[in-house]
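Colleague: take a look and give me a structure for this.
(2 chains)
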Amino acid sequence: MKKIHFFATILFISFVFIPNTYAHKVQMFAYPEGDTVFVEGYFADGKKPKKSEVMVFDNGGKVLFSGVTDDEGKLSFKIPQKTDLRITLNAGMGHKAEYTLPASELNGSNPPNPPFSKGGEKKMASDKGEETKDVVNQGGDKNEALSKAELAEKGQVNHISQLDEAQVQAIVEKAVERAVGEAIKPLVRSFTEMTQKNSLTTIIGGIGYILGLMGIALYFKSRKGSQS
Amino acid sequence: MHIADGILSAPVLAAGFGGTAILAAVTLRKMGHEEIPKVSVMSAVFFVVNLIHIPIGPTSIHFIMNGLVGVILGKRAFSAIMLGVILQAFLFGFGGVTVIGVNCVMLGGGALIAYFIWQLRHRFPLGDRVEMIFGALAGAAGIFVSGVILALALFLTGEEFLATAEYALAAHVPALIIEAIVVGACASFLKKTKPDLLSGQVQKGILKTS
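Modeller: Prediction:
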């Protein structure tokens, strides 16, 4: 009996300490948005790691970027290189979190300087651009015989409006990306939290499994013992 | 300490499962009634203690305690750790399902070597503190051997992992020191309060296996 008491005490003590240790564990997540990566760290109890050192490594362990979080535990930086980014956040006092942002996620975002950004910079009115193009296309279908000047003009207009379309697409994509990123941020956070956290339920469940297996083993042992 | 999925090559994974099967078969034989609760409780301790993180310097480590399991359970330690590793893989995602074999050999093997070191105390009677000294050595040996097996598994998978393996060994030095202290303290405490809990106690000249 004493044995059982002793171990029960040990188990009880471990239960008391586990939630505490987890409350102080720092966690983080990072997500790309356009050409910028946003890093956010947090403690499981909701506190923010202020002025914590953030280091970004590539696959080979080379430091690509280092910085310090602001008062809300946030930091952002331009994507230095399109490789897997291993981001570590050191909140001091031995609290360190790591997050790897795979290159595939970075590839989905826009390049820092799209090649068409120069030409279409002035033509911000997106609807206008679409309309112009439609008109020009219709005109092209109907009027076969056009003067050289008109042809040249048409080509130019067509060129410009195509640039506009690309530009519009880029703007819309960027805006959508930002809006969606903003909207799913809490989801991403709670998901990261869920996957990183080992809940007390799981722990008790695991111990339950062990005790259940012990019961099964003892049952079969005792049956064998009583038969012989 | 647990190796994750997708790192090791298929032959190493297969060898891990094979090794686990052999070690389990050998260490589970003729387990007595009274041993089952002890093994289960130590399995639960191992299962839970892995979750306790200790901040050390710039990083934090978690207990592994395979040395302690070895000191208390002797050769039955392997089955306790195997059960713990399987449950950790399924419930916590420690390591992974395909790596269960390798992780069992790694952590359970460390426990068996720790038990071996622990038994050496009969050959070197160093006085009152012999339990503390050999408990500490056993605790350190548990981590060290696991680290060596980890390095070996990574090395067998491919040359490029050699650097990683060395890093893994170096990263476990703080864990090694802490576990040595904790297991040494536990062994000396148990020797004073409940000596029959410890494995391999000599009673009336007969070496008990449990």
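Colleague: need the contact list for the most centrally placed residue in chain B.
Modeller: Centroid-nearest residue in chain B: B:Asn66, 2.4 Å away (criterion: Cα atoms, centre = their mean). The contact partners of B:Asn66, by Cβ atoms under 8 Å, 6 or more residues apart in numbering or on different chains, come to B:46, B:77, B:81, B:107-108, B:110-111, B:114, B:142-143, B:146. Where you see a C-beta, it was placed from the backbone N, CA and C, and this is true even at glycine.
Colleague: recalculate using a threshold of 10 Å.
Modeller: B:1, B:46, B:49-50, B:77-78, B:80-81, B:84-85, B:106-115, B:138-139, B:141-143, B:145-146, B:179, B:183 (Cβ atoms under 10 Å, 6 or more residues apart in numbering or on different chains).
Colleague: in strands, which of the residues you listed fall?
Modeller: The strands, defined by DSSP state E, take in nothing from the contacts of B:Asn66.
Colleague: from those, which would you call buried?
Modeller: B:1, B:46, B:49-50, B:77-78, B:80-81, B:84-85, B:106-115, B:138-139, B:141-143, B:145-146, B:179, B:183 (16 or more other Cβ atoms under 10 Å in any protein chain shown).
Colleague: all strands for chain B, in order.
Modeller: Using DSSP E, strands in chain B cover B:53-56, B:59-62, B:202-203, B:206-207.
Colleague: what ranges does the chain have for its helices?
Modeller: With no chain named, the answer covers chain A. A:2-23, A:103-107, A:126-142, A:148-196, A:200-227 (DSSP state H).
Colleague: please go with chain B instead
Modeller: Going by DSSP H, chain B shows helices at B:10-28, B:35-49, B:66-73, B:77-91, B:100-119, B:130-157, B:162-171, B:173-193.
Colleague: out of these, which is the most enclosed?
Modeller: helix B:66-73 (a mean of 32; mean count of other Cβ atoms under 10 Å in any protein chain shown).
Colleague: taking helix B:77-91 as reference, get the angle to that helix.
Modeller: 130 degrees (axes from the mean of the first three to the mean of the last three Cα atoms, to 10 degrees).
Colleague: just the C-alphas of helix B:66-73, formatted as PDB.
Modeller: Extracted C-alpha coordinates of helix B:66-73, given in PDB (Å, rounded to 0.1, in the frame of the first residue of the first chain):
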ATOM      1  CA  ASN B  66      14.700   6.800 -18.900                       C
ATOM      2  CA  GLY B  67      17.600   6.400 -16.500                       C
ATOM      3  CA  LEU B  68      15.200   6.600 -13.500                       C
ATOM      4  CA  VAL B  69      12.900   4.000 -15.100                       C
ATOM      5  CA  GLY B  70      15.900   1.700 -15.600                       C
ATOM      6  CA  VAL B  71      17.000   2.200 -12.000                       C
ATOM      7  CA  ILE B  72      13.600   1.300 -10.600                       C
ATOM      8  CA  LEU B  73      12.400  -1.300 -13.000                       C
END
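Colleague: chain center to that helix, what's the gap?
Modeller: Computed by Cα atoms, centre = their mean, to the nearest Å, the chain-centroid distance of helix B:66-73 equals 7 Å.
Colleague: give me the domain ranges for chain A.
Modeller: A:2-110, A:113-197 (automatic domain parsing).
Colleague: any idea which of those scores lowest on pLDDT?
Modeller: Across the domains of chain A, domain A:113-197 has the smallest mean pLDDT, namely a mean of 61.
Colleague: gap between the two ends of stretch B:120-139?
Modeller: Terminal residues of stretch B:120-139 lie 14 Å apart, using Cα to Cα, to the nearest Å.
Colleague: that stretch and chain A in contact?
Modeller: No. If you take Cβ under 10 Å from any Cβ of the partner chain as the test, stretch B:120-139 misses chain A, and the best it gets is 16.0 Å.
Colleague: quick one: low-confidence ranges for chain B?
Modeller: B:1, B:4-7, B:54-61, B:159-165, B:167-168, B:202-210 (pLDDT under 70).
Colleague: excluding its backbone neighbours, what's nearest B:Leu120?
Modeller: B:Phe134 (6.5 Å; Cβ to Cβ, 6 or more residues apart in numbering or on different chains).
Colleague: what does B:Arg129 give?
Modeller: Using Cβ to Cβ, 6+ apart, the closest residue to B:Arg129 is B:Ser188 (7.0 Å).
Colleague: residues in contact with the one you found?
Modeller: B:Ser188 neighbours (Cβ under 10 Å, 6+ apart): B:128-136.
Colleague: A:Lys224: neighbour count?
Modeller: Using other Cβ atoms under 10 Å in any protein chain shown, the number of residues around A:Lys224 comes to 10.
Colleague: could you check the pLDDT of it?
Modeller: Looking at A:Lys224, the pLDDT reads 75.
Colleague: the spatially closest residue to A:Ala30 that is not a sequence neighbour and B:Ala138, how far apart?
Modeller: Among residues not flanking A:Ala30 along the chain, A:Val39 sits closest, at 4.6 Å (Cβ to Cβ, 6+ apart). Relative to B:Ala138, A:Val39 is positioned 42 Å away (Cβ to Cβ, to the nearest Å).
Colleague: now do A:Gly60
Modeller: From A:Gly60 to B:Ala138 the distance is 38 Å (Cβ to Cβ).
Colleague: B:Ala153 too?
Modeller: On the measure of Cβ to Cβ, B:Ala153 and B:Ala138 end up 22 Å apart.
Colleague: equivalent analysis for A:Gly73, please.
Modeller: In terms of Cβ to Cβ, A:Gly73 sits 42 Å off from B:Ala138.
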